[in-house]
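Enquirer: Sequence and predicted structure are below.
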Amino acid sequence: MSDSAETPNLMEALVSLAKRRGFIYASSEIYGGLNGFFDYGPLGTELKRNIRDCWWRDMVQRRDDIVGIETSIIMHPKVWEASGHVAGFSDPLVDCKVSKQRYRADQLFWSPVVVDGKIVGYVSALESEKTVEELQAAAETFKRKKAITGALAPVVAKDFTEASEAEIPLIPSPATGEPGSLTAPRAFNMMFQTNVGAMSDASSVAYLRPETAQGMFVDFKNVVDTTRVKLPFGIAQIGKSFRNEITPRNFIFRSREFEQMEMEYFIHEDADWAKCHEEWITWCETWLKSIGLPASHLSRYTHPKEKLAFYSRGTVDIMFKYPFGVQELWGIAARGSYDLTQHANASGKPQELFDEASKKKFVPHVIEPAVGVDRIFLAVLAAAYAVEDVKDEKGNVEQRTVLRLSPRLAPVKVAILPLLKNKELLTNRAKALHAKLQKRYAVQYDDGGAIGKRYRRQDEAGTPWCVTIDFDTIEKPGDTFTLRERDSMAQRRITEAELFALLDEQVY
RNA sequence: GCGGGUAUAGCACAGUGGUAGUGCACCAGUUUUCCAAACUGGCCACGCGGGUUCGAUUCCCGCUACCCGCUCCA
């Protein structure tokens, strides 16, 4: 028996299964696909919906301190100026054509070498604690090698975004030390632009949101004024976001259109934000385990202070061991009062609460757990996938592909199978049960092929239980069915009432 | 975006300068009393565009997508 960790080319197997069983298709596939976009098929749509529903129930409906909203994808462009995304949500990149190295332009520093007031050449260095020293040393070496005499001026460290067109070909590549191989920085904003209204001009430019969070900040006062929430409280939202990623990769892990589940938890400015931050990290970890992700695949990554995003005072990522490596799943950021303050300044509308104790107004601080539905989907799929060796009655070893999805997430909760297709007594009873279950649960009726084949088919779809209507059901007293469990393949007899009780308990 | 690789049916793979097969899956039927049974029949593909050629799925070029690196985020 092998589990997912030992399966070679697990990603290929997942992509293949996802396609084969209708979980995920490439977007616009008949036109050759579109990089960074995906469609969810019938089973995938159910699974994704279940992920959203579980999160919403646990995050919003089962709590007293969190409310939900749904804001528009296109917001006033000033939202993104205030949030910092127009200016800061870009990564200008520079390529060295010789060494094939790629640098972020804002991390690649350079300086003219000035001798006796004249520019005699250029030096470069990568961002570090000693960038200026390195540049100075490089300038001295340059002067010596070129046998230039005169007074060397101190270097002036500038990053590559400040290099002019004329200067770019003169600046040496950090990799080769020779000028001429660096490209101009390609700086583009990761936000998708569009135009509102029929006229396309500068005044109509708008953006598809790159995160749902700003909706919560912009509607902060509305929620406070209309819902009687009291600190600490949270506002949650699930919705699509869009980022024009340079390199979409790893199936649905990094795509250009994705779905976020974000919650902004507002706390008093004097509250212990670090403690609250830690509590939310723990909450997220617990929740991930509750939907079936193994603790062994989860870890934490604390962002070093100097590399924090522009809005963050502290960020911890919950990492997941995907088939392609340990990568981010859930980011929990302490955003301070950054966003509300920015919007207060930009809009001229104060985003404050009144503190009854101190009789003073203050801007709340915020802790933000932000997770991608698609990433959870991928993590869940990877963790659930298993190929097992099973022995048939003759002792022959066969392989069984099974998705061990939690019953909460499984696209189909129960499959109802008449043992035989051509015996009306069986099919009628099965159809009656199916109709009854269908009112409350996602269930499937299947009478195609041999019973064993149908079990395996449901295993691949992740259906936790199969119910078989057999001859004992109609011939023996008690009206019982065979209940077959996906993971153990064990069978037992169960009544209709017991079946409903089982589902009520396990499916939520 | 740069470098390397790949692209044949729903999935996994063969194969050929004269338009393609296999397994599984799927559909119809016969059969079948619990773990991918059997038989019969059926559906379905050379990623897209151009070039060379009498003829291109095969050779060449471009594009697109996917995979592996550089880089990045949910």
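Expert: Noted; the coordinates are in hand. Numbering: from 1, shown residues only, chains lettered A, B, ... in the order given.

Enquirer: Count the residues that sit near residue A:416.
Expert: 26 (other Cβ atoms under 10 Å). Every residue, glycine included, has its C-beta placed from N, CA and C.

Enquirer: Beta-bridge partners for the residue most central in space within chain A, please?
Expert: Closest to where the C-alpha atoms of chain A average out (Cα atoms, centre = their mean) is residue A:372, at 2.6 Å. For residue A:372, the beta-bridge partners are residue A:260 (DSSP bridges).

Enquirer: give the contact list for it.
Expert: For residue A:372, the contact set (Cβ atoms under 8 Å, 6 or more residues apart in numbering) comprises A:258-261, A:329.

Enquirer: rerun that using 10 Å as the cut-off
Expert: The contact partners of residue A:372, by Cβ atoms under 10 Å, 6 or more residues apart in numbering, come to A:241, A:252-255, A:258-262, A:328-331, A:378-379.

Enquirer: out of these, which are inside strands?
Expert: Among the contacts of residue A:372, DSSP state E puts A:241, A:258-262, A:328-331 in strands.

Enquirer: where does the nearest residue to residue A:242 once chain neighbours are set aside fall, phi/psi-wise?
Expert: Closest residue in space to residue A:242, ignoring its immediate chain neighbours: residue A:208 at 4.0 Å, by Cβ to Cβ, 6 or more residues apart in numbering. Listed backbone geometry of residue A:208 is phi -80, psi 130, with angles given as degrees, to the nearest 10.

Enquirer: Show the pLDDT at residue A:208.
Expert: The score at residue A:208 is 92. That number is its pLDDT.

Enquirer: can you map out the strands along the stretch 1-150 of chain A?
Expert: A:24-26, A:38-40, A:66-68, A:93-95, A:102-104, A:108-115, A:118-126 (DSSP state E, counting those that start in this stretch).

Enquirer: What of the stretch 251-400 of chain A?
Expert: Assigned by DSSP E, counting those that start in this stretch, the stretch 251-400 of chain A shows strands spanning A:257-267, A:298-302, A:314-322, A:325-336, A:353-355, A:360-362, A:365-372, A:385-391, A:397-403.

Enquirer: what lines up beside the fourth one in the sheet?
Expert: Strands flanking strand A:325-336 in the sheet, each with its direction: strand A:314-322 (antiparallel), strand A:365-372 (antiparallel) (DSSP bridges).

Enquirer: Pipe those strands into a markdown table and attach mean pLDDT and distance to RNA strand B per row.
Expert: Shown next, in a markdown table, are the strands paired with strand A:325-336 (pLDDT from 0 to 100; distance: least, Cβ to the nearest atom of the strand, whole Å):
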| stretch | mean pLDDT | distance to RNA strand B |
| --- | --- | --- |
| strand A:314-322 | 91 | 6 |
| strand A:365-372 | 95 | 3 |
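
Enquirer: closest one to residue A:77 among the ones you listed?
Expert: For the strands paired with strand A:325-336, the distance to residue A:77 is smallest for strand A:365-372, at 22.0 Å, taking Cβ to Cβ.

Enquirer: Distance from that closest one to the middle of the chain?
Expert: 12 Å (Cα atoms, centre = their mean, to the nearest Å).

Enquirer: so that strand versus strand A:257-267, what angle?
Expert: 160 degrees (axes from the mean of the first three to the mean of the last three Cα atoms, to 10 degrees).

Enquirer: before we move on, the earlier item: please list which of the ones in strands among the contacts of residue A:372 also come close to RNA strand B.
Expert: The subset of the ones in strands among the contacts of residue A:372 within reach of RNA strand B, by Cβ under 7 Å from any atom of the strand, is A:258, A:260, A:328-331.

Enquirer: Domain ranges for chain A, per the record?
Expert: Here the domain parsing of chain A from automatic domain parsing is A:4-87+A:195-301+A:336-381, A:93-170, A:412-507.

Enquirer: Where among those domains is average confidence lowest?
Expert: domain A:93-170 - the lowest mean pLDDT of those, at a mean of 79.

Enquirer: before we move on, the earlier item: mean neighbour count, the strands paired with strand A:325-336: which tops it?
Expert: strand A:365-372 (a mean of 24; mean count of other Cβ atoms under 10 Å).

Enquirer: Convert the C-alpha atoms of it to CSV, please.
Expert: Extracted as CSV, the C-alpha positions of strand A:365-372 are listed here (Å, rounded to 0.1, in the frame of the first residue of the first chain):
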residue,chain,number,x,y,z
HIS,A,365,-6.1,47.5,14.1
VAL,A,366,-6.6,44.4,12.1
ILE,A,367,-5.5,40.8,11.8
GLU,A,368,-6.2,39.2,8.4
PRO,A,369,-6.3,35.5,7.7
ALA,A,370,-6.4,35.2,3.9
VAL,A,371,-6.6,31.9,2.1
GLY,A,372,-7.2,30.8,-1.5
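
Enquirer: The lengthiest helix in chain A vs strand A:365-372, what angle?
Expert: When chain A is parsed with DSSP state H, its longest helix is helix A:273-290. On the basis of the same axes, to 10 degrees, helix A:273-290 is oriented at 20 degrees to strand A:365-372.

Enquirer: Show me what counts as buried in helix A:273-290.
Expert: Across helix A:273-290, burial judged by 16 or more other Cβ atoms under 10 Å covers A:273, A:276-277, A:280-281, A:283-285, A:287-288.

Enquirer: And stretch A:464-482, by the same measure?
Expert: Neighbour counts over stretch A:464-482 (16+ other Cβ under 10 Å) mark A:464-470, A:472-473, A:480-482 as buried.

Enquirer: and what of stretch A:247-254?
Expert: Within stretch A:247-254, the residues that count as buried by 16+ other Cβ under 10 Å are A:248, A:250-254.

Enquirer: show me which of those residues neighbour RNA strand B.
Expert: A:248, A:250-251, A:253-254.

Enquirer: Just these: which are in helices?
Expert: With helices defined by DSSP H, no entry of those lies inside them.

Enquirer: show me where chain A has helices.
Expert: A:10-20, A:42-56, A:77-83, A:85-88, A:131-145, A:213-218, A:220-227, A:273-290, A:338-347, A:373-384, A:424-438, A:451-461, A:471-475, A:496-507.

Enquirer: Please identify which of these is closest to residue A:390.
Expert: helix A:451-461 (9.5 Å).
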